[in-house]
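> Provided below for reference: sequence and predicted model.
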Amino acid sequence: MKSTKLFSGTCIALVLMTLGTVAVAQNQAIHTLKIDDGTKAMPFNPDALIDMQSANRGLLLPRVLLTATTNPAPLTAHTGGMTVYNLATTADVTPGLYYNDGTKWNKINNSTYDPWALGGNNNTAEKVLGTNNAFDLPFVTAGIERMRVSANGNVGVGTAMPASKLEVNGSATNTTAYNAGTATIIDFSKSNLAYTLANPGAFTLSGMKDGGTYTLMVRGAAAGTSAFTHAGLAFSSANNALTTNGKATMYTFLVLGTFAYYWMTPGF
């Protein structure tokens, strides 16, 4: 056998019908098999095992009827790398191109899929990560799912089945507390935890949201009674009173609707 053989489409068909398989080899080394129907002749690619060239023909994969992604049928077993075109609509499979990862079938997304251009948004200056289909959007690192946005809009961190708009399976930690210096204007959008060296007195708060909890440590040494204001919120406390001279005081806030309830803990 010569080192390289170029087969036309007719020759390949003839060889396949008579021999069933085709191999091009020399000294036990496998070379590129080029299939060229004469419509688009180009130099073969030496990195390819099979190089098929045509200007008006395609590759037709086996068309099968899958039954479910977890079932290898109609094949006898899951085999990693197996690729087929499924014609069936049943269980969790629909018509389309599927590959097998060794344990299940996975549908190959449409080649026009662009995860940064979805969301039904016509603003070309904005990129949106997501899907137009009614599927969950999982986030995976190192082969482990870390976060999921469900099809109904719930977000789960550490859980694949979030039952509320945000469900965290684990602790949520502020990286840093907000240091307001000596100011009496406290911006809770910077952190749910804040502290100031100002003396107890009149404080203007901002950045608080309905359903949020916030903590303010007032480290001023002089004794005083604090009062709080925030746009759109009315404050109420069951124990607000004069602080302890020379001690810090902690105020814990719980925002429910348009009310902010807080508890004072003096003597730190």
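On my side now, so go ahead.

> Tell me how confident the model is about stretch 45-55, as a mean pLDDT.
Average pLDDT, stretch 45-55: 87.

> That stretch spans what distance, first to last residue?
Start-to-end span of stretch 45-55 (Cα to Cα, to the nearest Å) is 17 Å.

> buried sites along it?
Asp51, Met52, Gln53 (16 or more other Cβ atoms under 10 Å). From N, CA and C alone the C-beta is placed, and that goes for glycine too.

> Distance to Asn45 and secondary structure added to these, as TSV?
Shown next, in TSV, are those (distance: Cβ to Cβ, whole Å; DSSP: H, G, I helix; E, B strand; the rest coil):
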residue	distance to Asn45	secondary structure
Asp51	5	strand
Met52	10	strand
Gln53	10	strand
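
> Among the residues you listed, which one sits closest to Gly212?
Closest approach to Gly212 among the buried residues of stretch 45-55 (Cβ to Cβ): Met52, at 60.6 Å.

> which SSE is the residue nearest to that closest one when sequence neighbours are not counted in?
Nearest non-adjacent residue to Met52, counting by Cβ to Cβ, 6 or more residues apart in numbering: Ile35, 4.5 Å away. Here Ile35, judged by DSSP states H and E, is contained in strand 33-36.

> Average pLDDT for that strand, rounded please.
Here the average pLDDT along strand 33-36 is 84.

> let's have the chain start at 57 instead
Right, with 57 as the first residue, what we last looked at is strand 89-92.

> thinking again about what came up before, any idea which of the buried residues of stretch 101-111 is closest to Gly186?
Among the buried residues of stretch 101-111, and counting by Cβ to Cβ, the member closest to Gly186 is Met108, at 35.6 Å.

> roughly how far apart are the closest one and Lys96?
10 Å (Cβ to Cβ, to the nearest Å).

> just checking, what packs against the strand holding Ile91?
On a contact count with 3 or more Cβ pairs under 8 Å, 6 or more residues apart in numbering; DSSP states H and E, strand 89-92 meets strand 62-64, helix 65-75, strand 106-109.

> Please give the centre-to-centre distance between the last one and its chain.
In terms of Cα atoms, centre = their mean, to the nearest Å, the gap separating the centre of strand 106-109 from the centre of its chain is 36 Å.

> and whichever helix or strand comes after it, which strands flank it?
Of the helices and strands lying after strand 106-109 in sequence (DSSP H and E), the nearest is strand 119-120. Strand 119-120 pairs in its sheet with strand 139-142 (parallel), by DSSP bridges.

> For whatever helix or strand comes next after the partner strand, enumerate the helices and strands it packs against.
Downstream of strand 139-142, the first helix or strand assigned by DSSP H and E is strand 152-156. Packing partners of strand 152-156 (3+ Cβ pairs under 8 Å, 6+ apart): strand 139-142, strand 161-163.

> What average pLDDT does strand 152-156 get?
93.

> thinking again about what came up before, what is the residue nearest to Met108 paired to in the beta sheet?
Under the criterion used (DSSP bridges), Ile91 bridges to Phe63, Met108.
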